[in-house]
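K.L.:
Generate coordinates for the sequence data below:
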Amino acid sequence: MKNKLLHHYAELDLDAVFEKFYDTMLSNADFSGFFKDTAQIKSLVVRQKQFLLDSILMTDEEIKTRYVALGEMHHQINVPYVDYMAGMNILEQGLILAVVSHQESMEMLETTFHFFKIIRAYTAKGYLNKMLEADIEDIDRYLTHVQRASEIDTLLATERIIWLKNVVFAIKVGNRAAAPALHMPPDIVDSIKSATSGDNALASYAVDMSARMEMNARNVFYFLDKGSFEEALPLYRELMSIYKLTLMLTNVVTIASTNLLMQNLTKDTLTGLLTRHSFTSILSRELSIATAGQYQLSFIMIDIDFFKNVNDVYGHMAGDLVLAKVAQTAAATMRATDYAFRQGGEEFLLVLKGASLVITCAQAEIMRQKIESLEFEFDGKKFNVTASFGVAVFSAPFDLTYEAMLDVVDKKLYAAKETGRNRVVS
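P.N.:
Modelled structure (predicted):
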């Protein structure tokens with residue numbers, strides 16, 4: 001009966017309500033951009049008036065179905081949630097004034113408030129549904145393509161992202177019991193402490209971000225348990241900052257653990273590259289991670305052509321100059337996540353993570369051309385050098401040991417030298 005009366009008042013005053021609504025929206029430059037022209041507005045007014053009138057007479061369950069779908073639709077056409085709600089508030093105020101103008105009881109006002117409360121809540125649920133779907137897709141994409149750079153990364157990146165995915169799923173199904181524990185597991189806390197030991201500021205930063213993740217998740221479930229989707233939606237937006245915070249936390253600890261690793265590695269004093277003494281630990285580790293992450297591991301082996309002649313003709317100091325410059329040139333074309341070693345003498349080995357054969361060969365060719373264009377001068381004498389390249393790429397199922405891989409790429413380098421030098425062979 002109450003809804004029928006509300007429907008009656010709406011019929012009497014809805015033209016004025018919508019006129020005020022569109023006057024307000026079109027007078028705001030931010031809102032007016034959602035409407036193409038006058039013809040579109042007229043069409044919208046007719047459909048929206050009927051939509052609202054029909055909704056007033058529906059049951060709560062029917063309203064839920066209708067407005068959840070409406071929220072999903074508005075999210076898909078990129079109408080910001082806050083803008084939609086601003087328009088909804090204008091309509092609510094107009095209909096409340098219509099009820100007041102007929103001097104209805106407080107009970108009728110409460111009926112009006114309840115109607116708009118539930119349609120706002122269910123529209124928010126529609127927005128939330130679409131945000132959840134998009135975020136789950138993003139998380140799956142991350143889990144599919146993430147390249148885990150170390151054991152600590154595997155723990156922090158993968159475990160925390162899986163934790164986040166489970167939280168998102170629990171929100172989607174509206175069941176707190178489906179969520180994992182909202183506190184960070186002790187083994188992850190211990191790993192963070194270990195990786196950030198010696199850097200109190202970094203350790204404090206990592207722990208603070210972890211606490212923020214847990215707090216955000218708890219807040220969302222608090223309002224979901226109450227069915228307060230309007231409050232839950234902005235909190236979910238805050239919760240999704242966990243996705244960024246998780247990656248930031250992973251990066252923070254990765255940097256810390258990488259710094260510790262690099263401090264233990266010796267570098268060649270002449271070229272600045274890693275020495276062959278680092279081979280075993282690094283290559284064994286990278287092969288294990290590539291196998292777990294199912295991404296390719298590429299090797300480029302470089303040998304300076306006729307290097308003995310440089311030493312014989314220009315002297316060993318000139319030879320050292322060539323070695324340093326060639327090493328710097330090769331390393332400058334690499335990513336920070338790759339490795340460059342001095343094998344010994346005039347031979348270098350580069351290890352590239354996640355690079356295909358085409359990309360690796362292209363990178364080797366760039367290095368070859370840059371080395372060929374280098375100009376050296378020693379004791380007034382100018383000269384150039386070239387280099388030969390062997391390339392090999394290893395992918396799943398990684399049934400070769402790193403020693404076997406080195407043997408394969410060494411044979412590719414030998415083929416480059418045997419077929420004329422100054423070339424890339426794969």
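K.L.:
burial count for residue 122?
P.N.:
Using other Cβ atoms under 10 Å, residue 122 has 21 neighbouring residues. C-beta here means a position set from N, CA and C on the backbone, and glycine is covered the same way.
K.L.:
ok, for it, nearest residue in space, not its chain neighbours?
P.N.:
Closest residue in space to residue 122, ignoring its immediate chain neighbours: residue 67 at 3.8 Å, by Cβ to Cβ, 6 or more residues apart in numbering.
K.L.:
Now do the contacts for residue 273.
P.N.:
Contact partners of residue 273, counting by Cβ atoms under 8 Å, 6 or more residues apart in numbering, are 267, 327, 331, 340-342, 348.
K.L.:
redo that, cut-off 6 Å
P.N.:
Contact analysis of residue 273 by Cβ atoms under 6 Å, 6 or more residues apart in numbering lists 327, 340-342.
K.L.:
so which strand or helix has the residue nearest to residue 122?
P.N.:
Residue 67 is part of helix 60-76, with elements assigned from DSSP states H and E.
K.L.:
Could you give the average pLDDT over that helix?
P.N.:
The pLDDT scores in helix 60-76 average 86.
K.L.:
Give me the next element, helix or strand, following that helix.
P.N.:
Downstream of helix 60-76, the next assigned helix or strand under DSSP H and E is helix 81-101.
K.L.:
and the helix holding residue 67 with helix 81-101, angle?
P.N.:
140 degrees (axes from the mean of the first three to the mean of the last three Cα atoms, to 10 degrees).
K.L.:
By neighbour count, which bits of helix 60-76 are buried? Give me those.
P.N.:
Under the neighbour-count criterion of 16 or more other Cβ atoms under 10 Å, helix 60-76 has 63-64, 66-68, 70-72, 74-75 buried.
K.L.:
Show me which of the contacts of residue 273 is closest to residue 235.
P.N.:
residue 340 (46.9 Å; Cβ to Cβ).
K.L.:
To what extent is that closest one buried, counted in neighbours?
P.N.:
Residue 340: 23 neighbours (other Cβ under 10 Å).
K.L.:
pretty sure residue 295 contacts residue 354?
P.N.:
Yes - the pair residue 295 / residue 354 is scored as a contact, 4.5 Å apart, by Cβ atoms under 6 Å.
K.L.:
just the strands in the stretch 251-400 of the chain please.
P.N.:
Ranges of strands within the stretch 251-400 of the chain are 274-275, 297-304, 339-344, 347-353, 376-378, 381-383, 387-394, based on DSSP state E, counting those that start in this stretch.
K.L.:
measure residue 377 to residue 315 for me?
P.N.:
As judged by Cβ to Cβ, to the nearest Å, residue 377 and residue 315 stand 13 Å apart.
K.L.:
The chain - how does it break down into domains?
P.N.:
Per the record, the chain has its domains at 2-130, 146-260, 266-425, by automatic domain parsing.
K.L.:
what angle do the longest helix anywhere in the chain and helix 60-76 make?
P.N.:
Scanning the chain for the longest helix, with DSSP state H as the assignment, gives helix 106-145. Orientation check (the same axes, to 10 degrees): helix 106-145 against helix 60-76 gives 50 degrees.
K.L.:
pLDDT of helix 106-145, averaged?
P.N.:
76.
K.L.:
Go through that helix and flag the buried ones.
P.N.:
In terms of neighbour count (16+ other Cβ under 10 Å), helix 106-145 has its buried residues at 108, 111-112, 115-116, 118-129, 131-132, 135, 139, 142.
K.L.:
do stretch 358-376 as well
P.N.:
Counting neighbours by 16+ other Cβ under 10 Å, stretch 358-376 gives 360-361, 363-364, 367-368, 371, 374, 376 as buried.
K.L.:
Equivalent analysis for stretch 217-232, please.
P.N.:
Neighbour-count burial for stretch 217-232 flags 217, 219-221, 223-224, 229-232 (criterion: 16+ other Cβ under 10 Å).
K.L.:
Can you give me the distance of the closest residue to residue 339 other than its chain neighbours to residue 388?
P.N.:
Nearest non-adjacent residue to residue 339, counting by Cβ to Cβ, 6+ apart: residue 351, 4.3 Å away. In this view, residue 351 and residue 388 are 18 Å apart by Cβ to Cβ.
K.L.:
again with residue 298
P.N.:
Distance from residue 298 to residue 388, counting by Cβ to Cβ: 17 Å.
K.L.:
What's the first helix or strand after the lowest-mean-pLDDT helix or strand in the chain?
P.N.:
Scoring the helices and strands of the chain by mean pLDDT, DSSP states H and E places helix 151-153 at the bottom, with a mean of 45. The helix or strand immediately downstream of helix 151-153 is helix 159-173, counting by DSSP H and E.
K.L.:
a markdown table please, covering the buried residues of stretch 358-376 and showing pLDDT.
P.N.:
As requested, these are exported to a markdown table (pLDDT from 0 to 100):
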| residue | pLDDT |
| --- | --- |
| 360 | 90 |
| 361 | 92 |
| 363 | 91 |
| 364 | 94 |
| 367 | 94 |
| 368 | 95 |
| 371 | 95 |
| 374 | 94 |
| 376 | 91 |
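K.L.:
Of the residues you listed, which is the nearest to residue 87?
P.N.:
Nearest to residue 87 among the buried residues of stretch 358-376: residue 363, at 53.5 Å, using Cβ to Cβ.
K.L.:
Burial check on the closest residue to the closest one other than its chain neighbours, number of neighbours?
P.N.:
Among residues not flanking residue 363 along the chain, residue 333 sits closest, at 6.2 Å (Cβ to Cβ, 6+ apart). Residue 333: 14 surrounding residues under other Cβ under 10 Å.
K.L.:
give me phi/psi at residue 333?
P.N.:
According to degrees, to the nearest 10, the main-chain angles of residue 333 amount to phi -90, psi 0.
K.L.:
Could you check how far it is from residue 70?
P.N.:
For residue 333, the distance to residue 70 - Cβ to Cβ - is 53 Å.
K.L.:
Check residue 405 too.
P.N.:
Separation of residue 405 from residue 70 (Cβ to Cβ) stands at 58 Å.
K.L.:
Residue 393 too?
P.N.:
Residue 393 is 51 Å from residue 70, where distance means Cβ to Cβ.
K.L.:
again, but for residue 111
P.N.:
For residue 111, the distance to residue 70 (Cβ to Cβ) stands at 21 Å.
K.L.:
residue ranges for the helices of the stretch 251-400 of the chain, please.
P.N.:
Applying DSSP state H, counting those that start in this stretch to the stretch 251-400 of the chain gives helices spanning 279-293, 307-314, 316-332, 357-373.
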